[in-house]
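Participant: Sequence and computational prediction follow.
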Amino acid sequence: MARSHPKKPSAVDQIHLGLLDLIQRSALVPGDRLPSEDQLTQRFACSRPTLREALKILEQDGIIETQHGRGRFLTAGATLMVERPITCFESVSTMMRGLGYRPASTLIGVGAVQAGAMVANALQCSPATAVARVERLRFHERKALVYSLNYLRIDDLPGGDPDAIDWTGSVVDLLRGQDKEPVMSTATVAAVPLPREVVKAHHLADFEPALLITETCFTKRGEAVLFAQDYHRGDAFSFSFARR
């Protein structure tokens, strides 16, 4: 039986996400004009047809409108780009800081293991491929807020030795230093209990309910570089959706 891989983001998907990020980071408001097509193709190093397909998605979503002869402008619908949407990619550390927490990490365990079927499917490699399995707890003021399992290819790590790495910082920052920065992801969300053995080993009986985000993260080139299972403490996190 053939294995299904997480969908690799297309060039249009990547430019679409880049445009959303540009709108948010530039603090544009309804009525503001987007940069010209020439400026955007240079910024994203893409072709004009690819850019136009991405802009068409924004127009279909009601975020921009085209005024012929004048350009493309943000609409009132752009205000529905809600704060911290579930569709916005960011590291756990960045997310926690954005919510006012001061993230600190405790490494539970790290080691090299075979990918196995699930991780291989996500990272698009052989089940026998060596990957780093990193298990951590993320805290705010000694209160456990996130239980994380991260899987990365050994070849993507500095020095190729997971035991020689300081895992208390951001995995995204680590991969950025290897020119493997994840900038987008595919994810699923489910309300689940924390694994029983984790609850028992780390005294997390008050952690539940947990919001599990299972995520495969990609570079701007579409490489799958990180498979993550992050269990978020249910009373400490919420995510927003915009429905159009």
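Facilitator: Here it is on my side, so go on. Since we're looking at a predicted model, the values are computed, not measured.

Participant: how close does the residue nearest to residue 234 when sequence neighbours are not counted get to residue 194?
Facilitator: What sits nearest to residue 234 in space, not counting adjacent residues and going by Cβ to Cβ, 6 or more residues apart in numbering, is residue 209, at 4.0 Å. Any C-beta I mention is one placed from the backbone N, CA and C, and that applies to glycine too. As defined by Cβ to Cβ, to the nearest Å, residue 209 lies at a distance of 9 Å from residue 194.

Participant: Now do the same contact list for the residue nearest to residue 234.
Facilitator: Counting by Cβ atoms under 8 Å, 6 or more residues apart in numbering, residue 209 touches 191, 192, 193, 234.

Participant: In helices, which of these appear?
Facilitator: Per DSSP state H, helices hold no members of those.

Participant: So for those residues, which is the shakiest by pLDDT?
Facilitator: Within the set of these, pLDDT is lowest for residue 234 (84).

Participant: and that one, what is it in contact with?
Facilitator: By Cβ under 8 Å, 6+ apart, the neighbours of residue 234 are 191, 208, 209, 210, 211.

Participant: Kindly recompute the last result at 10 Å.
Facilitator: When contacts are counted by Cβ atoms under 10 Å, 6 or more residues apart in numbering, residue 234 is found next to 191, 192, 194, 207, 208, 209, 210, 211.

Participant: Which residue in the residues you listed has the weakest pLDDT?
Facilitator: Out of those, that is residue 208, at 76.

Participant: hey, where'd the helices end up in the chain?
Facilitator: Under DSSP H, the chain gives helices at 11-25, 37-44, 48-60, 92-98, 116-123, 171-176, 196-202.

Participant: Touching the fifth one from outside, list them.
Facilitator: By Cβ under 10 Å, 6+ apart, the residues outside helix 116-123 that reach it are 3-6, 113-115, 125-129, 131, 133, 149, 151-153, 156, 186, 214-217, 223-229.

Participant: joint contacts of residue 209 and residue 194?
Facilitator: Common neighbours of residue 209 and residue 194 (criterion: Cβ under 10 Å, 6+ apart): 231, 233, 234.

Participant: Where strands are concerned, which of the residues you listed count?
Facilitator: 231, 233 (DSSP state E).

Participant: closest to residue 104 among the shared contacts of residue 209 and residue 194?
Facilitator: residue 233 (14.5 Å; Cβ to Cβ).

Participant: Please verify my assumption that the closest one contacts residue 99.
Facilitator: No - with contact defined as Cβ atoms under 10 Å, residue 233 does not count as touching residue 99 (11.6 Å).

Participant: between these two, who's got more neighbours?
Facilitator: Neighbours were counted for residue 233 and for residue 99 using other Cβ atoms under 10 Å; residue 233 has more, 21 against 14.

Participant: Tell me which residues touch the more buried one, please.
Facilitator: Going by Cβ under 10 Å, 6+ apart, residue 233 touches 138, 140, 143-147, 194, 204, 206-211.

Participant: at 8 Å instead, please
Facilitator: 144, 145, 146, 207, 210.

Participant: ranking those residues by neighbours, who comes first?
Facilitator: residue 146 (26 neighbours).

Participant: partners of the residue nearest to that residue when sequence neighbours are not counted in the sheet?
Facilitator: In space, and not counting its chain neighbours, residue 146 is closest to residue 138: 3.9 Å by Cβ to Cβ, 6+ apart. Residues in a beta bridge with residue 138, per DSSP bridges, are residue 105, residue 146.
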